[in-house]
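> pasting the structure only:
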């Protein structure tokens, strides 16, 4: 917009300057020419009284030389006498032009070498017509024209530069609020909800700033309401959790009882974390990548240790590969743990008891790849499973009561780093969930890494003890 306004003002000012400067330059040239010939007519008139008194050659010669143009050889007198015309001074005009002026009795200007000749008819005392010739050099005809034209060009250029400068200032005044509005919209899109726009500038942009600020306030209010709702809903879970914890405490001793109590404790911890996060006053707080990151291998080992107890009870073979090497990723530890719990929970919920599963960690220069695979029936429609709320539409996602949000949680974790989530067929015969976690915000290159590609050291299957019936409703 700024440069468009500058170009428009430049074009308009240039056209105005041309429209006025060209005619004015022509007028200046004509005025200089009229001034030069007016001086020549006045000089020709100075010899008229002498011609009306005498036609003596000597007297006329003295009279011609006494004038300023005559002294410079620029004045001549052509007197008709018997035997031929009498020429006094230097004649430059053609004889025919002189005779034409004498016959017509009207002044005329003839072009001669180096300039012009003014031919002025003058009556003699005898009734004859003499012709006074005044030579006007080209320099006198155009005297001052070049200087005037240069001044016009300078004034025109100054007007153009001034108009461009004014247009640029006006453009800045118009564009700067628009740039601030665009920058604020981008910051708001990045999650900086405290961003507001100064309500200044042209009327339209002030109105846009008011609307933007109102929208941002409404977004903050809606998020606050959502956090309060999440906190309230989470708080309502405390009572049934308390009852569940008391019941678990009465189960006595044994692996099943310990497993149930550990699960209840973990659930209480997660509910407390949800309430704290929902009550957080800052609507969006992001730390640096170093603060928000975690060691993926450590989290995987921890979550596999948690789920291994249930896997042992159900007679599931488990395998972990590549988790012995540190893998720092730009994902918060709770987010990665929630994503892994969602995937491993799906394995237990949607595959038969005794189905094996594995978690593999692969390292590359720009990403960490986490593969969760199982030997179950697989997912009939991976595309539908990836859709939010659609993972309950067949295959492993076909159980009643599935919200379909587990894969969505995992996908958002991957996409927050520039990665993605893909579903394929594992080498175990079931489903393979591939989580591509970018280390530098760069996504995977399409088609370069296919599903089911196994990299890194593998740990052999560990056969758990024979399955036994779980001691509670945990599944």
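Noted; the coordinates are in hand. Quick caveat, the model's predicted, so the values are computed rather than measured.

> Going by C-alpha atoms from here, please, whenever you check contacts or count neighbours.
Fine.

> Just the helices from the stretch 351-475 of the chain, written as ranges.
382-386, 406-415 (DSSP state H, counting those that start in this stretch).

> Mind telling me what element the residue nearest to residue 323 when sequence neighbours are not counted is part of?
Residue nearest to residue 323 in three dimensions, not counting chain neighbours: residue 297, with 4.5 Å by CA to CA, 6 or more residues apart in numbering. Residue 297 belongs to helix 296-313 when assigned by DSSP states H and E.

> picking up where we left off before, so what's the residue nearest to residue 323 up against?
322, 323, 324, 325, 326, 327, 361 (CA atoms under 8 Å, 6 or more residues apart in numbering).

> ok, so of these, who is nearest residue 259?
Top of the list for closeness to residue 259, among the contacts of residue 297 and by CA to CA, is residue 323 at 24.0 Å.

> wait, that closest one sits on residue 368?
No: with contact defined as CA atoms under 8 Å, residue 323 does not count as touching residue 368 (11.2 Å).

> what residues are shared contacts of the two?
residue 361.

> Run through the stretch 351-475 of the chain and note the low-pLDDT ranges.
Counting by pLDDT under 70, the ranges of the stretch 351-475 of the chain that qualify are 387-405, 441-475.

> just the stretch 1-150 of the chain next, same as before
1, 82-84.

> Tell me where it has helices.
2-45, 48-53, 57-66, 68-71, 95-104, 138-141, 145-189.

> among the ones you listed, which is nearest residue 88?
helix 57-66 (6.3 Å).

> Identify each buried residue in the closest one, please.
60, 61, 63, 64, 65 (16 or more other CA atoms under 10 Å).

> could I get those residues as TSV with distance to residue 76?
What follows is the buried residues of helix 57-66, written out as TSV (distance: CA to CA, whole Å):
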residue	distance to residue 76
60	10
61	9
63	11
64	7
65	10
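
> Quick one: the helices in the stretch 201-350 of the chain, in order.
So, for the stretch 201-350 of the chain - with DSSP H, counting those that start in this stretch - the helices run 203-236, 238-249, 255-279, 289-292, 296-313, 333-350.

> Go ahead and name everything in contact with stretch 205-224.
With CA under 8 Å, 6+ apart, stretch 205-224 has contacts from 177-178, 181, 188, 193-200, 283.

> For the stretch 351-475 of the chain, just list every one of the strands.
Using DSSP state E, counting those that start in this stretch, the strands assigned to the stretch 351-475 of the chain run over residues 357-363, 367-374, 420-425, 431-438.

> what lines up beside the first one in the sheet?
Using DSSP bridges, strand 357-363 pairs in its sheet with strand 318-321 (parallel), strand 367-374 (antiparallel).

> Between the strands of the stretch 351-475 of the chain, which one is closest to residue 149.
Comparing these by CA to CA, strand 431-438 comes nearest, at 68.2 Å.

> helices or strands next to that closest one in the packing?
strand 367-374, helix 406-415, strand 420-425 (3 or more CA pairs under 8 Å, 6 or more residues apart in numbering; DSSP states H and E).

> which of these is buried the deepest?
The highest mean neighbour count among those, using mean count of other CA atoms under 10 Å, belongs to strand 367-374: a mean of 24.

> Determine how far that strand lies from the middle of the whole chain.
Using CA atoms, centre = their mean, to the nearest Å, the mean C-alpha position of strand 367-374 is found 38 Å from that of the whole chain.

> Can you lay out the helices of the stretch 1-150 of the chain as JSON lines showing distance to residue 433?
What follows is these, written out as JSON lines (distance: least, CA to CA, whole Å):
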{"stretch": "helix 2-45", "distance to residue 433": "51"}
{"stretch": "helix 48-53", "distance to residue 433": "117"}
{"stretch": "helix 57-66", "distance to residue 433": "116"}
{"stretch": "helix 68-71", "distance to residue 433": "108"}
{"stretch": "helix 95-104", "distance to residue 433": "108"}
{"stretch": "helix 138-141", "distance to residue 433": "94"}
{"stretch": "helix 145-189", "distance to residue 433": "29"}
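
> Which among the ones you listed is found nearest to residue 385?
Short answer: helix 145-189, nearest of the helices of the stretch 1-150 of the chain by CA to CA, at 27.3 Å.
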